[in-house]
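Asker: the sequence and its predicted three-dimensional model are supplied below.
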Amino acid sequence: MSRYRTVAEDMDNDDGSLDFSSVDIASRQASTAALQYISSPSPSSRPGPGPLQYLTLTLALGGLQFVWSVETGYGTPYLLSLGLKKSLLSLVWLAGPLSGLVTQPLVGALSDRCMSRFGRRRPYIMGATLLVVLCLVVIGRHWWQVLAFYVLDFAINCIQACLRALLAQAWASRMIGVGNVVGYLLGFADLPRLLGVLGDTQLKVLSMLACLALMGSVCITCWFTPEQPLRQAPSARGLTHMFRQISRAFGSLPMVVRRVCTVQLFSWIGWFPFLFYSTTYVAALSDHSDEAEGARAGSFAMFTYAMASLAFSLVLPWLGRLFNVRLAVMWMAGLAVFGVAMLMTVFVESVPSATLLIGVCGFSWAVTIWVPFSIIGEAISKQSSGYALVGDAIPMHELGEHRPAMPVEAGTVLGIHNMYIVVPQFITAFASSLIFAVFERLGSVKHASEIAWVLRLGGVSSLVAVYFAYKLVN
């Protein structure tokens, strides 16, 4: 029998070393496909957590994903309804990558040194949860909603950072799928008519439901998840040490991790506009003059995508093992499907066809939030004596013979990997802002065509990622 440990447990050292990475708006979904390790056998070992414990561990992640689906599904239509130009809209969504770069390292350094009797992570999780609730109440009710979106992203990143220290295994990605499905399904319903007591608009009702879901799920996770308080203050190693550690690790990354990072760089140039503009794209294709009806059509399209993603996240690991499909091959297929789907928007002129394309992308998303972390975990396990990757992962053969000159901590590797997810979001934000500005200058009235060009740009980048994924395969 073996003793189960998570990456976070292996890195939660009293010396204040880096224990988790900088996670941005998109990798707050992707990075939670956390890596689980198993140590060498021990006579005193005990069996790992069961399904019920994994459920309580990841329930808060489901609530957080519900909040995220509300923001991505209704944030763009709502900001446009306030009169915000599309060329400025992309700058609002820079809140995500900014919060990923700033909040995660800061919260990591602070929580490493937290000596609260409630644990090192719980105070930050609960405090950030209250801040998220405050932002959700403000959005849709006051004039400073744009600022609320920025604060909301920073608070979500804070919760995500601390939950990463408690989460493990593929249950995390499955709970992401559940949160997505519930969020987009509720967005499709006529909530003001069904739950008018919570608000008179769709966004207000969704915000209140997201508040309840987040508070309930966070309370359950914090209550049932054991966490040892820090007994003594760690050595004084601040942010400077953390950035120095990351800088040293850049030169000693395993070759396979470097190639994964390259693929992610181009992959996320495509995913960023898809996640934020798909709802608005479908709504713009809708014949409904009522903006609420158009937004619900967009939510239904994202619901089909979420359902497909959840279904594939359940069956792909099993199918991969059954047919002995290598992870990199599966990733390459997912990138190709996504890239072609985005380019196919050239032929899309109706809501049903757009919904079909978005639903197909559920396969690609299921691969994206699982495969890169499994590949990285396999690479880390190959250079770490006494550890082997377990969980819903398919062994990736022939990762290469490269061995770093110095040991690289898993948290540092994940931090570097997530930098390659943050940077594309800045690139896409400015590129989409430029595209929207050009269409505004031309006086375009077809909003769907503006967004479609941004999606196609992401599709081209995704096909470039296919090329680098092919190099990873070989």
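Answerer: Arrived safely.

Asker: what about the stretch 1-150 of the chain, any weak spots by pLDDT?
Answerer: For the stretch 1-150 of the chain, the stretches with pLDDT under 70 are 1-50, 104-105, 108-109, 112-113, 140-144.

Asker: kindly recompute the last result at 80.
Answerer: Counting by pLDDT under 80, the ranges of the stretch 1-150 of the chain that qualify are 1-54, 57, 81-83, 85-87, 90-91, 95-96, 98-115, 117, 119-120, 139-146.

Asker: which stretches of it form strands?
Answerer: Under the criterion DSSP state E, counting those that start in this stretch, the stretch 1-150 of the chain contains strands at 4-6, 36-38.

Asker: for the stretch 251-400 of the chain, same thing?
Answerer: Under DSSP E, counting those that start in this stretch, the stretch 251-400 of the chain gives strands at 388-390.

Asker: so what's S461 up against?
Answerer: F266, S267, I269, G270, G339, P424 (C-beta atoms under 8 Å, 6 or more residues apart in numbering). Yep, even glycine has a C-beta here, placed from its N, CA and C like the rest.

Asker: now these in a markdown table, with pLDDT, neighbour count and distance to S87?
Answerer: Formatted as a markdown table, the contacts of S461 follow (pLDDT from 0 to 100; neighbours: other C-beta atoms under 10 Å; distance: C-beta to C-beta, whole Å):
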| residue | pLDDT | neighbour count | distance to S87 |
| --- | --- | --- | --- |
| F266 | 97 | 24 | 24 |
| S267 | 97 | 32 | 25 |
| I269 | 95 | 23 | 18 |
| G270 | 95 | 30 | 20 |
| G339 | 98 | 24 | 25 |
| P424 | 89 | 24 | 19 |
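
Asker: tell me which two of these sit farthest apart.
Answerer: G339 and P424 (14.3 Å; C-beta to C-beta).

Asker: returning to what we had before: closest one of the contacts of S461 to S350?
Answerer: The closest of the contacts of S461, once distances to S350 are taken by C-beta to C-beta, is G339, at 21.8 Å.

Asker: so the closest one touches V466, yeah?
Answerer: Yes: between G339 and V466 there is a contact under C-beta atoms under 8 Å: 6.4 Å.

Asker: G216 against G62, yeah?
Answerer: No: here G216 lies out of contact with G62, judged by C-beta under 8 Å, at a distance of 10.3 Å.

Asker: so of the contacts of S461, which ones are in helices?
Answerer: By the criterion of DSSP state H, membership of the contacts of S461 in helices covers F266, S267, I269, G270, G339, P424.

Asker: from L59, how far out is F347?
Answerer: Distance from F347 to L59, counting by C-beta to C-beta, to the nearest Å: 41 Å.

Asker: what about those two, which has more around it?
Answerer: For F347 and L59, the more surrounded residue by other C-beta atoms under 10 Å is L59, and the numbers stand at 23 against 8.

Asker: any idea whether the closest residue to that one other than its chain neighbours is helix, strand or coil?
Answerer: Excluding the flanking residues, the one nearest L59 by C-beta to C-beta, 6 or more residues apart in numbering is S217, at 4.5 Å. Put simply, S217 is helix when judged by DSSP: H, G, I helix; E, B strand; the rest coil.

Asker: ok, S217 - contacts?
Answerer: L59, A60, L61, G62, G63, L64.

Asker: isn't the fifth one right up against A213?
Answerer: What that stands for is G63. Yes: counting by C-beta under 8 Å, G63 touches A213, with 4.6 Å between them.

Asker: so those two - more neighbours on which side?
Answerer: G63 (29 against 23).

Asker: excluding chain neighbours, what is closest to that one?
Answerer: Per C-beta to C-beta, 6+ apart, closest to G63 is S217, 3.1 Å.

Asker: can you give me the distance of the one you found to L106?
Answerer: Counting by C-beta to C-beta, the gap from S217 to L106 is 24 Å.

Asker: same question for C261.
Answerer: 23 Å.

Asker: okay, the two: which has more neighbours?
Answerer: C261 (21 against 17).

Asker: contacts only, for the more buried one.
Answerer: If you count contacts by C-beta under 8 Å, 6+ apart, C261 has them with L253, I416, H417, Y420.

Asker: wait, doesn't the last one sit right on L265?
Answerer: The one in question is Y420. Yes: counting by C-beta under 8 Å, Y420 does reach L265; the two are 4.8 Å apart.

Asker: the contacts of S461 into JSON lines, with extra columns for distance to G127?
Answerer: Supplementary listing: these in JSON lines, determined by distance: C-beta to C-beta, whole Å:
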{"residue": "F266", "distance to G127": "36"}
{"residue": "S267", "distance to G127": "33"}
{"residue": "I269", "distance to G127": "33"}
{"residue": "G270", "distance to G127": "34"}
{"residue": "G339", "distance to G127": "40"}
{"residue": "P424", "distance to G127": "30"}
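
Asker: excluding its backbone neighbours, what's nearest G179?
Answerer: Leaving aside its sequence neighbours, G179 sits nearest to Q65 (C-beta to C-beta, 6+ apart; 2.7 Å).

Asker: number of nearby residues for the one you found?
Answerer: Counted with other C-beta under 10 Å, Q65 comes out at 30.

Asker: thinking again about what came up before, out of G216 and G62, which sits in the more crowded spot?
Answerer: Neighbour count, other C-beta under 10 Å: between G216 and G62, G62 has more, with 24 against 13.

Asker: can you pull the contacts of that one?
Answerer: Taking C-beta under 8 Å, 6+ apart as the contact definition, G62 lies against M175, I176, V178, G179, V182, A213, S217.

Asker: N180 versus that one, what's the distance?
Answerer: From G62 across to N180, the span is 9 Å (C-beta to C-beta).

Asker: please apply the same query to M332.
Answerer: M332 is 24 Å from N180, where distance means C-beta to C-beta.

Asker: same drill for these two, tell me which one is more crowded.
Answerer: Using other C-beta under 10 Å, the more surrounded residue of M332 and N180 is N180, with 27 against 23.

Asker: now the more buried one, nearest residue through space, not along the chain?
Answerer: A306 (3.7 Å).

Asker: check the burial of the one you found by counting its neighbours.
Answerer: If you count neighbours by other C-beta under 10 Å, A306 ends up with 28.

Asker: verify the stated contact: it with F66.
Answerer: No: assessed by C-beta under 8 Å, A306 is found out of contact with F66, at 11.0 Å.

Asker: what's the overlap in contacts for those two?
Answerer: Contacts common to A306 and F66, judged by C-beta under 8 Å, 6+ apart, are G183.

Asker: now tell me what touches stretch 348-364 from outside.
Answerer: Outside stretch 348-364, the residues within contact range by C-beta under 8 Å, 6+ apart are 274, 278, 281-282, 285-287, 297, 300-302, 304-312, 334-335, 337-338, 341, 344-345, 347, 452.
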